[in-house]
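**Student:** build me a model from this:
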Amino acid sequence: MTSKLHKPKMSTVQIINMSIGFLGIQTGFALQNGNASRILQTFGADVEHLSLFWLAAPITGMVVQPIIGYYSDRTWNKIGRRKPYFLIGAILTAIALILMPNAALFTALLPPLLVGAGMLTIMDASINVTMEPFRALVADNLPSAQRSLGFSIQTFIIGFGAVVGFLVTLCTSSLFWSGRNCC
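**Tutor:** This is a model prediction of the structure:
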């Protein structure tokens, strides 16, 4: 006989604290979206073919997210159920965000477009490894009556992260590529 686990009601501040990781995740996605096309063009991608590279992101998500969701639902260890995926995904995402603009180092070994597409896929997969367990936190930690609020807060933070990533891209592109100030 199984009993339902009682999930205590959380304050709005606690829900925001639980979901704030989405700010970093979505900022990473926005940085990828704002800069990857330019980086791919430096590797020789034609503007007309950039949309083909962007197919990698949803395809990667369709493959990675169900796998990570399946395993994170079944993972229990001394650091927790979802934390190993947050940690691994965050480390891989940070490495991918550093390697993507420096991917020219690998073009001596592989064709430039393959390197660019590979880096884009690795970055997207890394972000997805972190994102899927964050989505599950609402269902894991909130009672049914608060789930709508929890998902709404996550959605707001995702939108805010997208704006932050856009502004970072705007400011850095203005500073480094055009010589203008960002504001």
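**Student:** point out where the protein drops to low pLDDT.
**Tutor:** Along the chain, segments meeting pLDDT under 70 span 1-4, 174-183.
**Student:** apply 50 and report the result again.
**Tutor:** Applying pLDDT under 50 to the chain flags residues 1-3.
**Student:** center of it - which residue?
**Tutor:** When CA atoms, centre = their mean is applied to the chain, the residue found nearest the centroid is Ile127 (3.2 Å).
**Student:** packing partners of the helix or strand hosting Glu132?
**Tutor:** Element membership of Glu132, judged by DSSP states H and E, is helix 112-141. If contacts are counted by 3 or more CB pairs under 8 Å, 6 or more residues apart in numbering; DSSP states H and E, helix 112-141 sits against helix 12-19, helix 21-42, helix 50-53, helix 56-74, helix 83-99, helix 147-173. Placement of C-beta: from N, CA and C, glycine included.
**Student:** pick the most deeply packed of those helices.
**Tutor:** Comparing the helices and strands packed on helix 112-141 by mean neighbour count (mean count of other CB atoms under 10 Å), helix 21-42 comes out on top with a mean of 19.
**Student:** restricting to C-alpha, output it in PDB.
**Tutor:** The C-alpha trace of helix 21-42 is given here as PDB (Å, rounded to 0.1, in the frame of the first residue of the first chain):
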ATOM      1  CA  GLY A  21      18.100  28.400 -12.400                       C
ATOM      2  CA  PHE A  22      16.000  29.000 -15.500                       C
ATOM      3  CA  LEU A  23      17.400  32.500 -15.600                       C
ATOM      4  CA  GLY A  24      20.800  31.100 -16.400                       C
ATOM      5  CA  ILE A  25      19.500  28.400 -18.600                       C
ATOM      6  CA  GLN A  26      17.500  30.800 -20.800                       C
ATOM      7  CA  THR A  27      20.300  33.400 -20.800                       C
ATOM      8  CA  GLY A  28      22.500  30.600 -22.200                       C
ATOM      9  CA  PHE A  29      20.000  29.800 -24.900                       C
ATOM     10  CA  ALA A  30      19.600  33.500 -25.800                       C
ATOM     11  CA  LEU A  31      23.400  33.900 -26.000                       C
ATOM     12  CA  GLN A  32      23.500  30.800 -28.300                       C
ATOM     13  CA  ASN A  33      20.700  32.200 -30.400                       C
ATOM     14  CA  GLY A  34      22.200  35.700 -30.600                       C
ATOM     15  CA  ASN A  35      25.700  34.600 -31.500                       C
ATOM     16  CA  ALA A  36      25.700  31.200 -33.200                       C
ATOM     17  CA  SER A  37      24.700  32.400 -36.600                       C
ATOM     18  CA  ARG A  38      27.600  34.900 -36.700                       C
ATOM     19  CA  ILE A  39      30.000  32.300 -35.500                       C
ATOM     20  CA  LEU A  40      28.800  29.800 -38.000                       C
ATOM     21  CA  GLN A  41      29.200  32.400 -40.800                       C
ATOM     22  CA  THR A  42      32.900  32.800 -39.800                       C
END
